[in-house]
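Visitor: what shape does this take:
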Amino acid sequence: MTDKYAVIGNPISHSKSPQIHKLFAEQTSQDISYDPILSPLHGFTSTIKRLVSDGYKGCSITLPFKFEAFQISQHLSESAQASQAVNTLKFDENTIYGANTDGSGLVRDIQHNLGFTLKERRVLLMGAGGAAYGVIPTLLSAGTNLSIVNRTFNSAQRLAEHFETLGNISILKYEELGSQAFECIINATSSSITNEMPPLPNGIFSPDALAYDMMYGRDTPFMRFAREQGADLVSDGLGMLVEQAAEAFFIWRKVRPETTPVILEIRKQT
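Guide: Numbers count the residues shown, from 1 in each chain. The predicted structure follows:
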């Protein structure tokens, strides 16, 4: 019998997750289906209830429902507890288990696939929304010297205070960046969705720096700026997408797929 899974978001038509999990299932001989589901913005809980009643085994959660997924989870992984955001749900015996695989997906892509060591690096994370909440615990555990910059300073302050027990986080304003340089800059804002460029100054990248945009499937203004500024390594977030999906797949199926061939295949399709 085929086990049913899904990805839930709004919007959802752009999602690469169905292709990724199809490739994982073929590679590991798992009998699953994986559907894209558009949830009403104010109907997430009812969508989850419908999936549970229809016999689904779990689902991936994308924008804008990661905080709501945290709220409905009855049991949580350590990463989900820390970030208070959930991107993976598992339904088991009337229980909803929530996990967050975004941080591990990001760090694995940066360190394993791109070969960039994060320990003791000066890292600037742009953004203070759900994407930032999901990855900060893992970035701190990787040993980074982490700074956050956000257009709304109060949001950055709240984010830093939320994670203050996990490590030291510096909070900066964009206008304070002119005298600083970073070895890794990660774009966790929505600017690339709207094709806008965050207000980064010239000279923000150290030699041999990595510029990483969580957006995937397009050459973003941030990525173009990073190349112009001499960043040594520039990457979109496709590897993160595949790596976090592999973690979710393991949670559901207890089988860990190989990610490299899947990243290459999805890259060809994009």
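Visitor: domains of this structure?
Guide: The record's domain parsing of the chain by automatic domain parsing lists 3-100+239-269, 103-236.
Visitor: count of neighbours near Phe205?
Guide: For Phe205, the neighbour count with other CB atoms under 10 Å is 25. For every residue, glycine as well, the C-beta is placed using N, CA and C.
Visitor: list the contacts of it.
Guide: Contacts for Phe205 (CB atoms under 8 Å, 6 or more residues apart in numbering) come out as 181-182, 185, 211, 226, 229-231.
Visitor: ok, Phe91 next?
Guide: If you count contacts by CB under 8 Å, 6+ apart, Phe91 has them with 51-52, 56-58, 97.
Visitor: ok, it to Pro11 distance?
Guide: Per CB to CB, to the nearest Å, Phe91 is found 24 Å from Pro11.
Visitor: in this structure, which strand has the most residues?
Guide: strand 205-213 (DSSP state E).
Visitor: the helix or strand following that strand: which residues count as buried?
Guide: Using DSSP states H and E, the helix or strand that follows strand 205-213 in sequence is helix 221-228. Using 16 or more other CB atoms under 10 Å as the test for burial, helix 221-228 gives 221-223, 225-226.
Visitor: only alpha carbons, please: show helix 221-228 as PDB.
Guide: Taking Å, rounded to 0.1, in the frame of the first residue of the first chain, the C-alpha atoms of helix 221-228 are listed here in PDB:
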ATOM      1  CA  PRO A 221      20.200  40.500  -7.400                       C
ATOM      2  CA  PHE A 222      22.000  39.500  -4.200                       C
ATOM      3  CA  MET A 223      23.900  36.800  -6.100                       C
ATOM      4  CA  ARG A 224      24.800  39.200  -8.900                       C
ATOM      5  CA  PHE A 225      26.000  41.800  -6.400                       C
ATOM      6  CA  ALA A 226      28.100  39.200  -4.600                       C
ATOM      7  CA  ARG A 227      29.900  38.300  -7.900                       C
ATOM      8  CA  GLU A 228      30.500  41.900  -8.700                       C
END
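Visitor: quick check: mean pLDDT of that helix?
Guide: For helix 221-228, mean pLDDT rounds to 97.
Visitor: mind giving me the packing neighbours of it?
Guide: Judged by 3 or more CB pairs under 8 Å, 6 or more residues apart in numbering; DSSP states H and E, the packing partners of helix 221-228 are strand 205-213, strand 233-235.
Visitor: what's the most buried one of those?
Guide: strand 205-213 (a mean of 21; mean count of other CB atoms under 10 Å).
Visitor: tell me what angle that one forms with helix 221-228.
Guide: Counting by axes from the mean of the first three to the mean of the last three CA atoms, to 10 degrees, strand 205-213 lies at 150 degrees to helix 221-228.
Visitor: could you list the paired strands of strand 205-213 along with their orientation?
Guide: Within its sheet, strand 205-213 is paired with strand 182-187 (parallel), strand 233-235 (parallel), according to DSSP bridges.
Visitor: could you dump these into JSON lines with distance to Glu258 and mean pLDDT added?
Guide: Formatted as JSON lines, the strands paired with strand 205-213 follow (distance: least, CB to CB, whole Å; pLDDT from 0 to 100):
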{"stretch": "strand 182-187", "distance to Glu258": "25", "mean pLDDT": "98"}
{"stretch": "strand 233-235", "distance to Glu258": "19", "mean pLDDT": "98"}
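Visitor: just so I know, which of the ones you listed lies nearest Thr28?
Guide: strand 233-235 (26.0 Å; CB to CB).
Visitor: check which element follows the closest one along the chain.
Guide: helix 238-253.
Visitor: so Val7 makes contact with Pro18?
Guide: Yes: judged on CB atoms under 8 Å, Val7 makes contact with Pro18 at a distance of 6.8 Å.
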